[in-house]
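1. pasting the sequence and the predicted coordinates here, then a few questions.
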Amino acid sequence: MKKTNANKGALHAGFSYFLWGLLPIYWKFLDKVNAQEILANRIFWSFIFMILVLVITKKWSLFVSTLKGFAENKKQMYFLTIASLLISVNWFVYIWAVNSGHMIEASLGYYINPLISIVLGMIVLKEKLTFAQLVSFILAAIGVVIITVSHGVFPWIAISLALSFGLYGLAKKVIHVESSVGLTLETMVLAPIAAIYMIYLFLHGTNSLFISDWRTNLLLMGAGAVTAIPLLYFAKGAQKIPLSLLGFLQYISPTLTLILGIFVYQEHFSKIQLLSFMFIWVALVIYSLSKTKLFTKRKVKISPENRAAL
């Protein structure tokens, strides 16, 4: 039974990362709509979609009770607002990057995200770096420096995506709620602002929703579903599999995005970029292996002192 659950969990989590990896195709269909309007629609329709999900899955009462708890806890509400702002920044930068021909750099952001999280944990949570984490971070940093020096431009898209998502994860550590309820709360915080912006565009005649072709209208309204569905699958899978396996699966998404950027949308991928990615890929292999039981067992066998140091 446990093996069956683990297999189902791996399939659910893997499928969620597969959907996230293919998400750029969806945003490419909306490349004639500006990123701000796409973001507003994504937030607004995600909130509407999640309300329907909560009603259908009979979690509405849980949502209401959680909301009451947040109203009485200013610290939780504070971090919820921060989390909402951070994920919105992340969504905006990603949509803009994809539709502006920077898909490869966007994939880079999600490759280095786990390593950014290490640094944030060290700075904010006072966590100690293991030797493997230190090596991983140094290698990834070399990769980023190579891109920066060779292009003469700091890879702000990749760093913005990694940093915003890393900080989002940090804020979420303080907010302990069921995943579907959490997404509903996060989109609820910014849904009024998104709605006001959508009304503003409508009043000025610059909106795309409801005045474009039927495909664009459906894609804008469907942004809520494509945001929520992968997250729901991820939540189902994450509960049933080890964190180490989840760590390996997370690289499905940026790998698919990288492949799309190079082979489907014909973005330029130079030898220097390949070298930079190789440093980061090696860093991720070391980091991921350090999370496995095999590495832990070998580390214990070496010496108790080393285990304590790590």
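-> Happy to help now that I have it.
2. how about the helices of the stretch 101-250 of the chain, start to end?
-> 103-124, 131-151, 156-172, 179-203, 214-238, 243-249 (DSSP state H, counting those that start in this stretch).
3. out of these, which gets nearest to residue 42?
-> Closest of these to residue 42 is helix 214-238, at 4.1 Å (criterion: Cβ to Cβ). Every residue, glycine included, has its C-beta placed from N, CA and C.
4. what's the closest one packed up against?
-> Where contact means 3 or more Cβ pairs under 8 Å, 6 or more residues apart in numbering; DSSP states H and E, helix 214-238 is packed against helix 2-28, helix 35-56, helix 179-203.
5. without its sequence neighbours, what residue ends up closest to residue 124?
-> residue 170 (6.1 Å; Cβ to Cβ, 6 or more residues apart in numbering).
6. and residue 231, by the same measure?
-> The shortest distance from residue 231 to any non-neighbouring residue, by Cβ to Cβ, 6+ apart, is to residue 183 (5.8 Å).
7. and residue 24, by the same measure?
-> residue 98 (4.5 Å).
8. give me phi/psi at that neighbour?
-> Here is the backbone geometry of residue 98 (degrees, to the nearest 10): phi -60, psi -50.
9. quick one: residues contacting it.
-> Residues in contact with residue 98 (Cβ atoms under 8 Å, 6 or more residues apart in numbering) are 24, 27-28, 106.
10. in a markdown table, list the residues you listed along with pLDDT and distance to residue 49.
-> A markdown table is the format used below for the contacts of residue 98 (pLDDT from 0 to 100; distance: Cβ to Cβ, whole Å):
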| residue | pLDDT | distance to residue 49 |
| --- | --- | --- |
| 24 | 97 | 20 |
| 27 | 97 | 17 |
| 28 | 97 | 21 |
| 106 | 95 | 24 |
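11. buried ones among those?
-> Buried positions within the contacts of residue 98, assessed by neighbour count (16 or more other Cβ atoms under 10 Å), are 24, 27, 106.
12. gap between the first one and residue 106?
-> As defined by Cβ to Cβ, to the nearest Å, residue 24 lies at a distance of 8 Å from residue 106.
13. which residues do the two both contact?
-> With Cβ under 8 Å, 6+ apart as the test, residue 24 and residue 106 both reach 98, 257, 261.
14. look up how far residue 27 lies from the first one.
-> In this case it means residue 98. If you measure residue 98 against residue 27 using Cβ to Cβ, the figure is 5 Å.
15. equivalent analysis for the second one, please.
-> Using Cβ to Cβ, one gets 11 Å for the distance from residue 257 to residue 27.
16. do the same with residue 196
-> 23 Å.
17. next one: residue 41
-> Distance, residue 41 to residue 27, using Cβ to Cβ: 11 Å.
18. and residue 225, what does it touch?
-> 45, 49.
19. mind redoing it with 7 Å?
-> The contact partners of residue 225, by Cβ atoms under 7 Å, 6 or more residues apart in numbering, come to residue 49.
20. of all the helices and strands packed on helix 214-238, which one comes closest to residue 279?
-> helix 2-28 (21.7 Å).
21. counting by contacts, list what the closest one packs against.
-> helix 74-99, helix 214-238, helix 243-249, helix 252-259 (3 or more Cβ pairs under 7 Å, 6 or more residues apart in numbering; DSSP states H and E).
22. the longest one - what's its average pLDDT?
-> For helix 74-99, mean pLDDT rounds to 94.
23. list the buried residues in it.
-> Those would be 76-77, 79-80, 82-99, for helix 74-99 by 16+ other Cβ under 10 Å.
24. with distance to residue 111 added, can I get the helices and strands packed on helix 2-28 in a markdown table?
-> What follows is these, written out as a markdown table (distance: least, Cβ to Cβ, whole Å):
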| stretch | distance to residue 111 |
| --- | --- |
| helix 74-99 | 14 |
| helix 214-238 | 18 |
| helix 243-249 | 13 |
| helix 252-259 | 5 |
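25. of those helices, which approaches residue 14 most closely?
-> So among those, helix 243-249 is nearest, using Cβ to Cβ, at 5.3 Å.
26. thinking again about what came up before, output the shared contacts of residue 24 and residue 106 in TSV; the columns should cover distance to residue 211.
-> Output for the shared contacts of residue 24 and residue 106, formatted as TSV (distance: Cβ to Cβ, whole Å):
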residue	distance to residue 211
98	23
257	31
261	31
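27. so what's residue 180 up against?
-> Contacts of residue 180 by Cβ under 7 Å, 6+ apart are 50, 53-54, 59, 232.
28. look up how far residue 51 lies from it.
-> For residue 180, the distance to residue 51 - Cβ to Cβ - is 10 Å.
29. distance of the residue positioned nearest the centre of the chain from residue 208?
-> Among the residues of the chain, the one closest to the centroid is residue 165, at 5.7 Å (Cα atoms, centre = their mean). Distance from residue 165 to residue 208, counting by Cβ to Cβ: 27 Å.
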